[in-house]
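Asks: the following comprises the amino acid sequence and a computationally predicted model.
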Amino acid sequence: MRNYQIIWGLFGVRDVYSIGISILLSVFLVAIANGFSGGVYFYILLGLMSFYSITFLRIIYSKWRDLFEYHGQGEKVVIIGAGSAGAQIYEQLRSSPSLKINPIGFLDDSLESQRRTVCGSPVLGTIREIGKVKKKFGISKGIIAIPSATPSQINAIYSLAVEAEVELKILPSLSQVLHGKVSPHQIKDIEPEDLLGRDSVNLDEGSTREIFTDKVILVTGAGGSIGSELCFQIAKFSPKKLILFEQTELFLYEIDRKLKSLFPQISIAAMIGDVRDIETVELAISTYTPSVIFHAAAYKHVPLMEDNPGEAVVTNLIGTNNIASMAAKYSVPRFVLVSTDKAVNPTNVMGATKRAAEIACQIISEDSSSTKFMVVRFGNVLGSSGSVIPLFKQQISNGGPITVTHKDITRYFMSIPEAAELVIQAGAMGTGGDVFVLDMGEPIRIYDLAVKMINLSGLELLDENNPEGDIEIHYTGLRPGEKLYEELLIGGKFSETKNKLIMRTEEQMMPWDKLEPILTEIYNKGTYTNTEELYKLIKKIVPEFKSK
């Protein structure tokens with residue numbers, strides 16, 4: 001059975017199985033050779049004693065370094081999570097003295113784990129007792145080894161660790177841990193996304209799969225933050241064909257390459273095009289006849305659009321009207337517009353044009369019986385282009401200061417995967433003319449986010465209370481078109497859906513005979529370049545738009 005080829009220092013469960021089979025065959029052959037003399041119990045005892053002695057010797061040899069050479073040298077850490085991931089990390093750290101990390105035990109909230117041992121090391125208490133454990137054992141770090149932990153759970157652990165002045169590290173999420181195995185090399189610093197992200201939306205996969213599987217799906221803005229994630233999520237439902245519609249060549253190349261490498265079985269078509277060009281839009285829809293269109297192409301950066309209002313109007317409003325009207329013309333069954341919370345009572349041209357785009361979709365929906373139009377509205381997306389988190393990271397790495405527009409400014413946050421899941425769910429549950437909004441919980445104060453990011457970097461805030469700190473926060477004042485807080489609902493009227501985190505709003509809209517002449521006037525290039533006239537026209541569509 002070639003058991004002599006086993007490397008004893010790495011003796012494991014598969015080797016035990018191999019030795020067990022060898023012993024079973026050996027005992028059977030011995031019994032035949034002896035004519036089964038001595039009785040059956042003798043051979044059973046012979047097999048058991050052989051198995052235990054042989055495996056015991058190998059286990060002792062494979063673990064002798066841990067048993068006799070390990071003296072608990074290195075920085076003292078506690079592992080948070082006494083499950084299989086925690087056990088694997090413990091064993092890896094114990095067998096890697098070069099890392100100079102000494103895991104002294106575990107913390108776990110499970111009642112079954114209390115007063116027990118894992119890998120011979122004790123469970124020292126619950127996670128809430130991290131402060132007591134630090135005082136008693138002198139730990140300096142905690143390693144979160146719970147790959148299935150939700151952002152809310154990580155945030156709770158982080159708060160306890162900050163209070164106890166214990167630095168935290170974390171393992172990747174469950175989807176990032178290949179084959180359930182973990183190693184010290186996967187331990188990373190906690191990122192703001194780990195704390196600010198919310199628990200994911202539960203998709204109704206039955207109805208969603210029915211709408212997307214074996215269907216032709218078109219995504220505009222396919223190379224953007226939301227558009228690319230939409231493509232990845234949709235690809236999991238095995239569409240018949242996925243059409244990537246994108247203006248930027250580099251973004252289109254990258255998303256096309258990634259999708260084809262991850263989903264080689266799916267037919268993917270990459271099309272360079274601009275939603276502002278109605279002929280290109282019509283060509284894409286008439287050529288591929290999609291069953292669902294996700295319209296994620298838009299300009300979204302508030303200050304830049306304040307400086308370029310004409311571009312915001314032509315892309316966000318005219319572009320949306322182009323693709324929505326073509327969807328209705330070619331009877332595309334479903335059309336989903338990706339919108340933003342800045343469309344509610346807008347104070348900037350970006351939000352106003354997105355609200356106007358919502359209205360245009362609702363109006364077209366009224367006159368289209370063959371196409372169901374849906375709007376999905378949500379807040380800031382973690383890690384997207386233009387997000388505040390990459391900016392803060394760069395400012396901290398440069399030694400500060402961090403720039404915040406106002407100490408009391410707040411924003412809603414969600415992760416990119418969650419945003420894509422919401423859009424997909426809305427595409428599945430919409431009945432036509434719907435505006436969906438995610439229950440995003442409590443808004444987050446940007447000042448608090450900045451302080452957390454400073455602490456996560458191992459630094460301290462420099463202010464009047466801590467003049468010896470490292471990073472200072474400077475207040476620059478609200479930018480043009482920026483609000484202290486964002487809203488999600490217009491008028492506050494909403495109804496629940498089958499997903500408790502998704503609301504359907506009830507909002508008024510203007511008739512098409514009033515919107516059409518305004519759009520025609522905006523199409524005129526003279527009006528497009530006249531900013532004052534342009535703002536007047538937008539306010540006719542969005543009366544609540546308050547610009548400076």
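Replies: Right, received. Where do you want to start?
Asks: give me the domain ranges for the protein.
Replies: Under the assignment named as automatic domain parsing, the residue ranges that make up the domains of the chain are 3-69, 75-190, 205-382+413-441+487-541.
Asks: lowest-confidence helix or strand of this protein?
Replies: For the chain, scoring each helix and strand by mean pLDDT, DSSP states H and E identifies strand 188-189 as the least confident one, at a mean of 57.
Asks: looking at the domains of the chain, which is nearest to Leu456?
Replies: Between Leu456 and the domains of the chain, the shortest gap by Cβ to Cβ is with domain 75-190, which sits at 5.7 Å. The way it works is simple: take the backbone N, C-alpha and C, and place the C-beta from them, glycine included.
Asks: any idea how far the closest one is from the middle of the chain?
Replies: Averaging C-alpha coordinates over domain 75-190 and over its chain gives two centres that are 22 Å apart (Cα atoms, centre = their mean, to the nearest Å).
Asks: just stretch 472-492 next, same as before
Replies: Computed by Cα atoms, centre = their mean, the chain-centroid distance of stretch 472-492 equals 24 Å.
Asks: before we move on, the earlier item: and Glu472, which of the domains of the chain is closest to it?
Replies: Taking the domains of the chain one by one with Cβ to Cβ, domain 75-190 is closest: 19.7 Å.
Asks: the host helix or strand of Pro103 packs against which elements?
Replies: Using DSSP states H and E, the element containing Pro103 is strand 101-107. Using 3 or more Cβ pairs under 8 Å, 6 or more residues apart in numbering; DSSP states H and E as the contact criterion, the neighbours of strand 101-107 among helices and strands are strand 75-80, helix 84-94, strand 121-125, helix 130-137.
Asks: hmm, 6 Å instead?
Replies: Counting contacts by 3 or more Cβ pairs under 6 Å, 6 or more residues apart in numbering; DSSP states H and E, the secondary-structure elements packed against strand 101-107 are strand 75-80, helix 84-94, strand 121-125.
Asks: and the shortest one, which residues are buried?
Replies: In terms of neighbour count (16 or more other Cβ atoms under 10 Å), strand 121-125 has its buried residues at Ser121, Val123, Leu124, Gly125.
Asks: same check on stretch 497-517?
Replies: So for stretch 497-517, counting by 16+ other Cβ under 10 Å, buried means Thr497, Asn499, Leu501, Ile502, Met503, Arg504, Thr505, Glu507, Met509, Met510, Leu515.
Asks: can you check stretch 533-546 too?
Replies: Within stretch 533-546, the residues that qualify as buried are Leu534, Leu537, Ile538, Ile541, Val542, Phe545, counting by 16+ other Cβ under 10 Å.
Asks: what about the helices in the stretch 201-350 of the chain?
Replies: Read by DSSP state H, counting those that start in this stretch, the stretch 201-350 of the chain holds these helices, from start to end of the chain: 205-212, 225-235, 249-262, 278-288, 302-307, 309-312, 319-329, 349-367.
Asks: ranking the domains of the chain by burial, who's on top?
Replies: Each of those was assessed for mean neighbour count using mean count of other Cβ atoms under 10 Å. The highest is domain 205-382+413-441+487-541, with a mean of 20.
Asks: using the three-state scheme, assign Gln153.
Replies: Secondary structure, DSSP: H, G, I helix; E, B strand; the rest coil: Gln153 is helix.
Asks: identify the residue spatially nearest to it, adjacent ones excluded.
Replies: Counting by Cβ to Cβ, 6 or more residues apart in numbering, Ile146 is the residue found nearest to Gln153 once chain neighbours are left out, at 7.3 Å.
Asks: just to revisit the earlier point, closest one to Asp448 among the helices and strands packed on strand 101-107?
Replies: Of all these, strand 75-80 sits nearest to Asp448, with 23.0 Å by Cβ to Cβ.
Asks: right, I'll leave it there.
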